[in-house]
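Undergrad: Please work out how this folds:
(chains A and B)
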Protein chains: 2
Amino acid sequence: MEISTPTLLVDKEKCLQNIEKMLRKAHRSGAELRPHYKTHFSAEIGKWFKSKGITKCTVSSVSMAKYFAKNGWDDITIAFPYNPLEASELSELASKINLNILIVSEESLEHALKNIKSSVGFFIKIDVGTRRTGIDPRNERLIEKLISKADKKMLYRGFLAHAGHTYGCRDVESVKWIFDGAVKALTQLKEKFGGIISYGDTPSCSLMEDLSFCDEMRPGNFIFYDWMQHNIGSCSIEEIAVCLACPVVAVHEERDEIIIYGGGVHLSKEMIVEKNLMGKDQNCFGKMVVLEKLGWQTKVKGNVVRLSQEHGVIKLSPEEIVRVKVGDLIGVIPVHSCLTADLQGHYLSTKGDRIEKMTKH
Amino acid sequence: MEISTPTLLVDKEKCLQNIEKMLRKAHRSGAELRPHYKTHFSAEIGKWFKSKGITKCTVSSVSMAKYFAKNGWDDITIAFPYNPLEASELSELASKINLNILIVSEESLEHALKNIKSSVGFFIKIDVGTRRTGIDPRNERLIEKLISKADKKMLYRGFLAHAGHTYGCRDVESVKWIFDGAVKALTQLKEKFGGIISYGDTPSCSLMEDLSFCDEMRPGNFIFYDWMQHNIGSCSIEEIAVCLACPVVAVHEERDEIIIYGGGVHLSKEMIVEKNLMGKDQNCFGKMVVLEKLGWQTKVKGNVVRLSQEHGVIKLSPEEIVRVKVGDLIGVIPVHSCLTADLQGHYLSTKGDRIEKMTKH
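TA: Predicted structure coming up:
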């Protein structure tokens, strides 16, 4: 691998193992896996899913849906609230593929009914406690009203939920508490109104053994995982499938810090607060690991404590810092792989192959 | 303007005013303005600087230097520590344009001397207190040694500093305190060793009236400014020249929040902690304003309190929320315009023209 600038390494073997593991859980639970592609943004990586029998996917924007449709995906759910300003683009896309959209209010549905010209499926987004978007599951009058408006062109599919507040959890018990509440609410709705249950979020799908309450699982992050998921308990360090290779540009032994070429425009400014060895709060923007010929070691060597636009500052122990020199390449496990992936123009496989992805234009 | 997805609006008039104001200060101080282009990433916006007589610029990466060199800029300083892994690309670029690099250690300089094949200028990066990179100004022995290694191919230019710790300031007194320390350290070095002083950071360059101690000013953010600069006191709200137009996809009157299409992949996760009206800490990821036909109003209507990948959550007063509906476009003043700009595929001028920029590939 000839790397001279910050480059996201993707370990295909780990990705395939992560896919297989999630797929086994889906099979055991009798649920279909409709993975979210907002983590990898890549038609090439979509093929890895296809090789395991996956034929449906989830995306988070119309532009992402168009990208994957162009790359052969013909059954896509856009798991983001219906945006009235994109009605004509949705109409065009829905005339070509099986498309599902998300309805979060009566106004949205009225607008979609009037302005989407092709046949499209819709899910009712249920807020299971994240307080981002979605309808309160107790608001059955509204839910009933929405379903009653379905017609031959606008087909009711069921209930969709994303328990995004599991990202605030730091142990399996808290995730289970959130999960149990969501299961109860969604199961009651399904019994009363019919349709399927589509359920997502990587912590729940990774940590809960039995997902048989739902018909469809929509995790995304699990293909790569990251340090945040590791902190929640969703994965082991060994399962994290991405690592940002970064050049070392300065070594400051006097303060146990090295400076890398790798900043907010490469990793994103996503940050978690952790306890350091002294029990004090420390900001973590990523974890340093040692790169190897075909990947990286899984022992954490240091903590990315600060990021500016292009620089990263890594705190290392005095024993570790003497092993690092200017011109070396080190690895950084991202805090949030979806946002890190978004910032890349392409990825590099650990075998040295360039992996194309969706970019902005 | 036909906008249906999150789009960064750029007010050219405000940008030109910001350039002129900084240029007047440079003239008064007898310093040359070598603006940093890591804020706008755009050849088109580079032309706005050129129209005001600017002929030299600063960038933060080799790829950015190549982009601007291709677009007619032939005198560029890369204000990022020399990366040994990019020596051959630097050699090639330096054979075509006047290029300056940054040296932060003896190892870096030794490597550059051996591996850069074309004539290149170098600045010695001085750490004026940011503790990111650079040499302690008291380390005169090292500084002397570095300068003595200059030769006909590797030309010593002077001292370069970036007082990035002014970004932690919230008033002009704190900025002045940092500034005075930097002026003293750099002036002493220049008197002793010669060369020029190149000084950057938008807070100092905006807030200090007299920059005559330096030969070259390198602010970047000032062309756009942003909410962080406004909080520091570097600019008025009226001077902020960018605003992200975002569709409203949900209105939650029951909790005084609206949901916009506009998340971490559009604004970046850069965040500042502010006091809300009740005196409590609140996270701010941006400020909501009302869009107009050719721009935006400058009265803040709400605060972006949370961001996920594609969603933004804005807190609004009960009086304001009733004026917003699904399908509207609202504006968000970014917290950090450089990172927001990096995330765009292109910009839109407030007159409706597409503005091309550097993208990742």
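
Undergrad: what sits against the residue in the stretch 201-350 of chain A that chain B sits nearest to?
TA: Of all residues in the stretch 201-350 of chain A, residue A:345 sits closest to chain B, at 3.3 Å by C-beta to the nearest C-beta. C-betas here are computed from N, CA, C, even on glycine. Contacts of residue A:345 were listed using C-beta atoms under 8 Å, 6 or more residues apart in numbering or on different chains, and they are A:357, A:359, B:359, B:360, B:361.

Undergrad: hang on, isn't the fourth one packed against residue A:341?
TA: Put plainly, it is residue B:360. No: in this structure, residue B:360 is not within contact of residue A:341 by C-beta atoms under 8 Å, at 11.6 Å.

Undergrad: Which of the two has more residues huddled nearby?
TA: More crowded of residue B:360 and residue A:341, by other C-beta atoms under 10 Å in any protein chain shown: residue A:341, with 27 against 15.

Undergrad: The nearest residue in space to residue A:176 that is not next to it in sequence: neighbouring residues, count only.
TA: Leaving aside its chain neighbours, residue A:176 sits nearest to residue A:208 (6.8 Å; criterion: C-beta to C-beta, 6 or more residues apart in numbering or on different chains). Look at residue A:208: counted by other C-beta under 10 Å, it has 19 neighbours.

Undergrad: same deal with residue A:188?
TA: Count around residue A:188 with other C-beta under 10 Å applied: 13.

Undergrad: which residues does the nearest residue to it once chain neighbours are set aside contact?
TA: Excluding the flanking residues, the one nearest residue A:188 by C-beta to C-beta, 6+ apart is residue A:137, at 7.3 Å. When contacts are counted by C-beta under 8 Å, 6+ apart, residue A:137 touches A:126, A:127, A:128, A:143, A:185, A:186, A:188, A:189.

Undergrad: Might you report the residue contacts of the first one?
TA: Spelled out, that is residue A:126. A:134, A:135, A:137, A:159, A:160, A:161, A:185, A:186, A:189.

Undergrad: Show me what the second one is bridged to.
TA: According to DSSP bridges, the partner residues bridging residue A:135 are residue A:126.

Undergrad: Hmm, residue A:123 and it touching each other?
TA: No: counting by C-beta under 8 Å, residue A:135 stays clear of residue A:123, with 11.0 Å between them.

Undergrad: Look at those two and report which has more neighbours.
TA: residue A:123 (24 against 21).

Undergrad: what about the residue nearest to residue A:188, distance to residue B:14?
TA: According to C-beta to C-beta, to the nearest Å, residue A:137 and residue B:14 sit 46 Å apart.

Undergrad: For residue A:349, give me its contacts.
TA: A:9, A:10, A:11, A:12, A:355.

Undergrad: Now for the residues you listed, which sits with the most neighbours around it?
TA: In these, the most neighbours by other C-beta under 10 Å go to residue A:10, 28 neighbours.

Undergrad: Just give me the residue closest to the centre of chain A.
TA: The centroid of chain A falls nearest to residue A:221 when counting by C-alpha atoms, centre = their mean (3.2 Å).

Undergrad: residues in contact with the closest residue to residue A:38 other than its chain neighbours?
TA: Leaving aside its chain neighbours, residue A:38 sits nearest to residue A:60 (4.1 Å; criterion: C-beta to C-beta, 6+ apart). Counting by C-beta under 8 Å, 6+ apart, residue A:60 touches A:36, A:38, A:78, A:79, A:80, B:309, B:310.

Undergrad: In JSON lines, list those residues along with secondary structure, neighbour count and pLDDT.
TA: Shown next, in JSON lines, are these (DSSP: H, G, I helix; E, B strand; the rest coil; neighbours: other C-beta atoms under 10 Å in any protein chain shown; pLDDT from 0 to 100):
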{"residue": "A:36", "secondary structure": "strand", "neighbour count": "26", "pLDDT": "98"}
{"residue": "A:38", "secondary structure": "coil", "neighbour count": "22", "pLDDT": "98"}
{"residue": "A:78", "secondary structure": "strand", "neighbour count": "23", "pLDDT": "98"}
{"residue": "A:79", "secondary structure": "strand", "neighbour count": "24", "pLDDT": "97"}
{"residue": "A:80", "secondary structure": "strand", "neighbour count": "26", "pLDDT": "97"}
{"residue": "B:309", "secondary structure": "coil", "neighbour count": "22", "pLDDT": "97"}
{"residue": "B:310", "secondary structure": "coil", "neighbour count": "23", "pLDDT": "97"}
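
Undergrad: Can you pick out the most distant pair from the residues you listed?
TA: Farthest-apart pair in these is A:78 and B:309; separation 13.2 Å (C-beta to C-beta).

Undergrad: before we move on, back to that, can you list the contacts of residue A:345 in TSV and add pLDDT, secondary structure and distance to residue B:118?
TA: Below are the contacts of residue A:345 laid out as TSV (pLDDT from 0 to 100; DSSP: H, G, I helix; E, B strand; the rest coil; distance: C-beta to C-beta, whole Å):
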residue	pLDDT	secondary structure	distance to residue B:118
A:357	98	coil	34
A:359	94	coil	31
B:359	94	coil	28
B:360	92	coil	26
B:361	89	coil	25
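
Undergrad: when you scan the longest strand along chain A, is anything in it near chain B?
TA: Longest strand in chain A by number of residues (criterion: DSSP state E): strand A:242-252. Yes: applying C-beta under 8 Å from any C-beta of the partner chain, one finds strand A:242-252 in contact with chain B at A:247, A:249, A:250, A:251.

Undergrad: Bridge partners for the first one, pull those for me.
TA: Note on residue A:247: beta-bridge partners residue A:329, judged by DSSP bridges.

Undergrad: Report the secondary structure element holding residue A:189.
TA: Using DSSP states H and E, residue A:189 sits within helix A:172-193.

Undergrad: any idea of the mean pLDDT for that helix?
TA: Average pLDDT, helix A:172-193: 94.

Undergrad: And stretch A:139-153, by the same measure?
TA: Mean predicted confidence for stretch A:139-153 is 97.

Undergrad: in it, what counts as buried?
TA: A:143, A:146, A:147, A:150 (16 or more other C-beta atoms under 10 Å in any protein chain shown).

Undergrad: Contact partners for the first one?
TA: Okay, so that is residue A:143. Residue A:143 makes contact with A:124, A:135, A:137, A:189, A:193, according to C-beta under 8 Å, 6+ apart.

Undergrad: The host helix or strand of the first one to strand B:242-252, inter-axis angle?
TA: Assignment of secondary structure by DSSP H and E places residue A:124 within strand A:120-125. Comparing the axes of strand A:120-125 and strand B:242-252 via axes from the mean of the first three to the mean of the last three C-alpha atoms, to 10 degrees yields an angle of 80 degrees.
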